[in-house]
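Enquirer: here you go, sequence then predicted model.
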Amino acid sequence: MRVTPNETTQALWQRYHFEYLRYKYKLTPEDLVIDIGAYRGEWAANIFTRYKCRMILIEPGPWIVGCEAGEVINKAADVKDGKQKFGGDFYYTSSLEPGEKEYETFDINSLLSAHEEIALVKINIEGMEYPLLNHIIDAGLHKRMKNIQVQFHQIEGEPYEDMYAAIESKLLETHEPLWRYRFCWENWRRR
């Protein structure tokens, strides 16, 4: 695989059972939560069960079936509308991997700009978090997000450390890390 989380950080995350952090928020039923890269919707379903908030799940593949947690958008969040080829399978679908599965994409900013306040955005899109976050930040739409939970990935053959540092620098202007396990999971909270 060309796109991976950091093995050391991921082992630490698992050893100390830090997964609970991904669900520990002060959310209300009026809050909006957007799950970008929802896969089967397990994380979103867990958030909905705990907080009963409004949910939008984004997943290009056909894996979300019978979702009661909220609206499902069966397209890939991207920097533009169109179509793109993806590789990988199931929980690991990436446009950075070779493959022949083609999914429709949409400009994420069209969705984000329709909402003044977003309590939480979760992003897990297998390496495409870098261009997507740059696109969101360049439009100033990250300022509408109270929390940004993201899994940054290592990308073989790409300067992912530099890409991460550039996004970190931009986010530090408006957000601060609430918790961070680099190239595994982290959460940025708006100041």
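Expert: Thanks, I have the structure now.
Enquirer: list of residues touching the lengthiest helix in the chain?
Expert: Taking DSSP state H as the criterion, the chain has its longest helix at helix 160-171. The contact list for helix 160-171 (C-beta atoms under 8 Å, 6 or more residues apart in numbering) reads 127, 130, 133-134, 137, 142, 148, 152-154, 182-183, 188. Every C-beta, even on glycine, is put in place using the N, C-alpha and C of the backbone.
Enquirer: take those residues and write them to JSON lines, including distance to residue 22 and pLDDT.
Expert: Output for the contacts of helix 160-171, formatted as JSON lines (distance: C-beta to C-beta, whole Å; pLDDT from 0 to 100):
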{"residue": "127", "distance to residue 22": "19", "pLDDT": "86"}
{"residue": "130", "distance to residue 22": "20", "pLDDT": "97"}
{"residue": "133", "distance to residue 22": "18", "pLDDT": "98"}
{"residue": "134", "distance to residue 22": "23", "pLDDT": "98"}
{"residue": "137", "distance to residue 22": "22", "pLDDT": "98"}
{"residue": "142", "distance to residue 22": "19", "pLDDT": "98"}
{"residue": "148", "distance to residue 22": "12", "pLDDT": "99"}
{"residue": "152", "distance to residue 22": "14", "pLDDT": "97"}
{"residue": "153", "distance to residue 22": "16", "pLDDT": "93"}
{"residue": "154", "distance to residue 22": "20", "pLDDT": "94"}
{"residue": "182", "distance to residue 22": "15", "pLDDT": "96"}
{"residue": "183", "distance to residue 22": "15", "pLDDT": "97"}
{"residue": "188", "distance to residue 22": "13", "pLDDT": "98"}
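Enquirer: biggest separation within these, which pair?
Expert: Distance extremes for those: the farthest pair is 142 and 154 at 22.6 Å, using C-beta to C-beta.
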